[in-house]
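A.B. asks: Structural data only, the sequence is not supplied:
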């Protein structure tokens, strides 16, 4: 598939559209909604039954809350949600971690479909998603992840856009945004356009978007890089651009559509002074839905996608060091049956199937794994029952996974051994429930049993991994990862927007596939090996919001917010802590809204992380202050939002405990910065 709809001048295009939109006569009337109100997160479930199931610990970022907190990567954007951190490998490669679990224990989805890339293979591999064109990001934890397979043991991050339109659109609509500043002197912009005939029963809707971002090396306070530069993180600049086209036919009982997108990202790798990664991901997707409220099968949904991913690691001389390629596709089908009436209430349910395939290869001197092929087929079911104050749901998923290795490409230079094939049969089960104590208070519980087939690199790795500064060795005899998890929650939500959410959880692994040091060295590098160990992760997430009385800010709204989360993980066989876990974290904030103006000041604290493996060192704690200011406008029929963001006001030098140890000292967190942006919606 050829490269489609991308431009290095995306910021200029966005600015042009902004000027066009702002030529409409300005009106002084303030819009009713406010940024401060939207900064409170909406709890969602990710439930394919589209039912409110408060048992699931889940969150969503959308609207103005997503706009003003959006970072360059998904890890930056989500890293301050309860229980969510990131595998911080510099400013360009941050993959979300959930409750201490990362890699292939956190499933990355695009519109609930598989995202084919190589981000789980190495910390320096970025997720091929541009947050600028994402309309909504869902983060699912606990039993809600069961329907997405064993690779979602930790959780699910689902990015949602309108590239395949699902609703009628009359005329032209969309949004445009320009962003400037930040710790990398970012210049970025995006344009999103939607149009159609406006006829829901027999119409057509289309979508187009384009986005681009350029950024310099990241600044950091009181920091000297190993190359002698001060206040600059070496080789951390980036240049990305992408775009998409999509369209749907709309009919009285649903829709059917298709989209094609292209995303390219060229960025430096901070652990190496002269290595640049050139990434490209192209994706062709199709999705549709049919529904009939009177039929035995009330709703049928399907989606089909095919992706081509490639990235090249370019040496300082311009030579290509290693080429990573991944080709894959997915078919997912869901059918919701009509409610089954019982003496106690109705039972709703959905059944489905999923087929996935991926082919991976790494060519070059630093090839860590042989060419491999993974096939996965799955069946799943979810049933939900509500009666009075009770809500109960149960789910199951069974999979068949096959991993094939091509073995050594050149038998004269043995490295990976002969070709081999492994087969696995993971099964996952979940049971969830909630009980409403009153109109404001409720209790929740989730119990899951999950199995995950080992990934190809956990089975087949045998080589130097430059990103981790180690020689990594897989184990072709590994069995499935197995875990049991319990999550208990207490919720209080008031009509004025005040809330209190508490979740405590424990995940107990009988087999946790860990990458541990063996004590050996090879070519002066430490040897790390994948092995299955018993492990346990325990933690909690607490967040609250208190809306102050109206008299506190006459004519406006004022609220206090607070958040506290923690996770502790241990190898139960040795008692040693698991690596790269976020420490105890807290935040305290004040939200204010007066007419079209909104503001937020937040103090974020991260404790010292002393619980680290013997091969790691402690990470110092820190505190940073962030301030946000925004104003809403209305220009005729066009809404607009201006925002100003000040980060790390105290210019604190800080490091992330979730970074791989060999990189942490090379890549501190960003220093003091100011950024601004303007978005129009029409």
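C.D. replies: In hand now; what should we look at? What you see is a predicted model, and the numbers here were worked out from it, not measured in a lab.

A.B. asks: residues of stretch 335-348 that come out buried?
C.D. replies: 335-338, 347-348 (16 or more other Cβ atoms under 10 Å). All C-beta atoms are positioned from the backbone trio N, CA, C, and that covers glycine.

A.B. asks: pLDDT, secondary structure and distance to residue 659 added to these, as TSV?
C.D. replies: Formatted as TSV, those follow (pLDDT from 0 to 100; DSSP: H, G, I helix; E, B strand; the rest coil; distance: Cβ to Cβ, whole Å):
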residue	pLDDT	secondary structure	distance to residue 659
335	95	strand	44
336	94	strand	43
337	94	strand	47
338	93	strand	50
347	91	strand	47
348	91	strand	44
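
A.B. asks: Widest-spaced pair of those?
C.D. replies: 335 and 347 (15.1 Å; Cβ to Cβ).

A.B. asks: ok, back up a step: identify, from the buried residues of stretch 335-348, the entry nearest to residue 219.
C.D. replies: So of the buried residues of stretch 335-348, ranked by how close each gets to residue 219 (Cβ to Cβ), first place is residue 336, at 51.0 Å.

A.B. asks: Who is the closest one paired with across the strands?
C.D. replies: Beta-bridge pairing of residue 336 under DSSP bridges involves residue 299, residue 350.

A.B. asks: next one: residue 309
C.D. replies: Beta bridges link residue 309 to residue 281, residue 326, judged by DSSP bridges.

A.B. asks: Residue 608 contacts residue 623, doesn't it?
C.D. replies: No. Counting by Cβ atoms under 8 Å, residue 608 does not reach residue 623; the two are 11.6 Å apart.

A.B. asks: the bottom helix or strand of the chain by mean pLDDT?
C.D. replies: Across the helices and strands of the chain, the lowest-confidence element by mean pLDDT, DSSP states H and E is helix 35-38, at a mean of 36.

A.B. asks: so what secondary structure elements neighbour whatever helix or strand comes next after that one?
C.D. replies: Counting by DSSP states H and E, the next helix or strand C-terminal to helix 35-38 is strand 58-62. For strand 58-62, the packing partners by 3 or more Cβ pairs under 8 Å, 6 or more residues apart in numbering; DSSP states H and E come out as strand 136-140.

A.B. asks: what does stretch 214-232 contact?
C.D. replies: Residues from elsewhere that reach stretch 214-232, judged by Cβ atoms under 8 Å, 6 or more residues apart in numbering: 11, 72, 90-92, 182-188, 233-239, 268, 273, 648, 651-653, 666, 668-673.

A.B. asks: Can you give me the distance of the most centrally placed residue in the chain to residue 247?
C.D. replies: By Cα atoms, centre = their mean, the chain has its centre lying nearest to residue 157, at 4.0 Å. Separation of residue 157 from residue 247 (Cβ to Cβ, to the nearest Å) stands at 27 Å.

A.B. asks: do residue 589 as well
C.D. replies: Look at residue 589 and residue 247: by Cβ to Cβ, they are 42 Å apart.

A.B. asks: so which helix or strand takes in residue 174?
C.D. replies: Using DSSP H and E, residue 174 falls in strand 170-181.

A.B. asks: List the buried residues for the helix or strand following that strand?
C.D. replies: Downstream of strand 170-181, the next assigned helix or strand under DSSP H and E is strand 186-197. Within strand 186-197, the residues scored as buried using 16+ other Cβ under 10 Å are 186-196.

A.B. asks: quick one: which of the residues you listed is nearest to residue 517?
C.D. replies: Set against residue 517, the nearest of the buried residues of strand 186-197 by Cβ to Cβ is residue 186 (37.4 Å).

A.B. asks: does the nearest residue in space to the closest one that is not next to it in sequence have beta-bridge partners, and which?
C.D. replies: Nearest non-adjacent residue to residue 186, counting by Cβ to Cβ, 6 or more residues apart in numbering: residue 215, 4.7 Å away. For residue 215, the beta-bridge partners are residue 238 (DSSP bridges).

A.B. asks: burial count for residue 215?
C.D. replies: Other residues near residue 215 come to 21 when the count uses other Cβ atoms under 10 Å.

A.B. asks: any idea how far residue 234 is from it?
C.D. replies: Applying Cβ to Cβ to residue 215 and residue 234 gives a distance of 14 Å.

A.B. asks: If we go by neighbour counts, what in stretch 666-673 is buried?
C.D. replies: 666-673.

A.B. asks: Return the distance of it from the chain's centre.
C.D. replies: 22 Å (Cα atoms, centre = their mean, to the nearest Å).

A.B. asks: Ends of that stretch, what's the gap?
C.D. replies: 19 Å (Cα to Cα, to the nearest Å).

A.B. asks: Tell me which stretches of the stretch 451-600 of the chain form helices.
C.D. replies: 456-460 (DSSP state H, counting those that start in this stretch).

A.B. asks: low-scoring stretches of it, by residue?
C.D. replies: 467-468 (pLDDT under 70).

A.B. asks: Test for you: state the pLDDT assigned to residue 33.
C.D. replies: pLDDT, residue 33: 38.

A.B. asks: now swap in the one 10 residues further on and tell me
C.D. replies: Confidence per residue is given as pLDDT, and for residue 43 that number is 36.

A.B. asks: Same check on the one 4 residues further on?
C.D. replies: Reported pLDDT at residue 47 in the predicted model: 59.

A.B. asks: where does the stretch 151-300 of the chain have low pLDDT?
C.D. replies: 225-229.

A.B. asks: where's residue 77, which helix or strand?
C.D. replies: Going by DSSP H and E, residue 77 is in helix 74-78.

A.B. asks: Show me what that helix is packed up against.
C.D. replies: Packing contacts for helix 74-78, counted by 3+ Cβ pairs under 8 Å, 6+ apart, involve strand 84-86, strand 96-98, strand 136-140, strand 155-160.

A.B. asks: List the contacts of the last one.
C.D. replies: Looking back up the chat, that one is strand 155-160. 46, 74, 78, 96, 98-99, 101, 106-112, 129, 131, 134-142, 144-145, 148.

A.B. asks: picking up where we left off before, what mean pLDDT does the helix holding residue 77 have?
C.D. replies: On average, the pLDDT along helix 74-78 is 90.

A.B. asks: Now do it: everything it contacts.
C.D. replies: 61, 66, 69-71, 84-88, 91, 94-96, 108, 127, 129, 131, 137, 139, 157, 159.

A.B. asks: likewise stretch 309-321?
C.D. replies: Contacts for stretch 309-321 (Cβ under 8 Å, 6+ apart): 116-118, 125, 128, 269, 273-282, 322-328, 364-366.

A.B. asks: before we move on, back to that, make CSV out of the helices and strands packed on helix 74-78 and add distance to residue 440.
C.D. replies: Below are the helices and strands packed on helix 74-78 laid out as CSV (distance: least, Cβ to Cβ, whole Å):
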stretch, distance to residue 440
strand 84-86, 26
strand 96-98, 28
strand 136-140, 24
strand 155-160, 27
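
A.B. asks: closest to residue 533 out of the ones you listed?
C.D. replies: Among the helices and strands packed on helix 74-78, strand 96-98 comes nearest to residue 533, with 18.8 Å by Cβ to Cβ.
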